[in-house]
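K.L.:
Have a look at this fold, sequence not included:
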């Protein structure tokens, strides 16, 4: 009898712990967004390792690229973003980075890619990235 009462008490206690059909309350129902700096670092790492499709996956659909002379490209698909990344003649090691809100400015020390000879090797270049929901929505190469 004593064992049966203990069993009833345990069942009642467990029923009170999870009997609600509503979801538990949490402080955030969405996964935390990756910091914009990490998005830029991961994109750069993929590009430097010639993982062009991976690098392309960091770009949002409709991302805008603005070159240092003002030319613009809009990347509508993963295929376009992959081809865009494959066309970079240089890789770049990030040597400095700053962030203001969702905008990251990175300075790159340029070097050769295995598929291209970088004519600007050992020079630096800067670009500003706008990151929204973990994706690059705008990349602008800053004029020298």
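P.N.:
That came through, no problem. Nothing here was measured: the structure is a model prediction, and the numbers come from that model.
K.L.:
Before we move on, what's the pLDDT of residue 62?
P.N.:
According to the prediction, residue 62 has pLDDT 98.
K.L.:
Ignoring the adjacent residues along the chain, who's closest to the residue minimising distance to the centre of the chain?
P.N.:
Most central in the chain under Cα atoms, centre = their mean is residue 39, positioned 3.0 Å from the mean C-alpha point. Of all residues not flanking residue 39 in the chain, residue 131 sits nearest, at 5.0 Å (Cβ to Cβ, 6 or more residues apart in numbering). No exception for glycine: its C-beta is placed from N, CA and C like everyone else's.
K.L.:
After the helix or strand bottoming out on mean pLDDT in the chain, which helix or strand is next?
P.N.:
Lowest by mean pLDDT, DSSP states H and E among the helices and strands of the chain is helix 2-18, with a mean of 33. Counting by DSSP states H and E, the next helix or strand C-terminal to helix 2-18 is helix 36-48.
K.L.:
which other helices and strands contact that following helix?
P.N.:
helix 52-56, strand 90-100, strand 103-112, strand 124-132, strand 135-141 (3 or more Cβ pairs under 8 Å, 6 or more residues apart in numbering; DSSP states H and E).
K.L.:
Okay, buried residues for it please.
P.N.:
In terms of neighbour count (16 or more other Cβ atoms under 10 Å), helix 36-48 has its buried residues at 36, 37, 39, 40, 41, 42, 43, 44, 46, 47, 48.
K.L.:
hmm, back to that, between the helices and strands packed on helix 36-48, which gets nearest to residue 69?
P.N.:
Residue 69 sits nearest to strand 135-141 of all these, at 8.8 Å, using Cβ to Cβ.
K.L.:
quick check: mean pLDDT across that closest one?
P.N.:
On average, strand 135-141 scores 98.
K.L.:
What lies in contact with it?
P.N.:
With contact meaning Cβ atoms under 8 Å, 6 or more residues apart in numbering, strand 135-141 is reached by 39-40, 43, 58-60, 62-68, 125-131.
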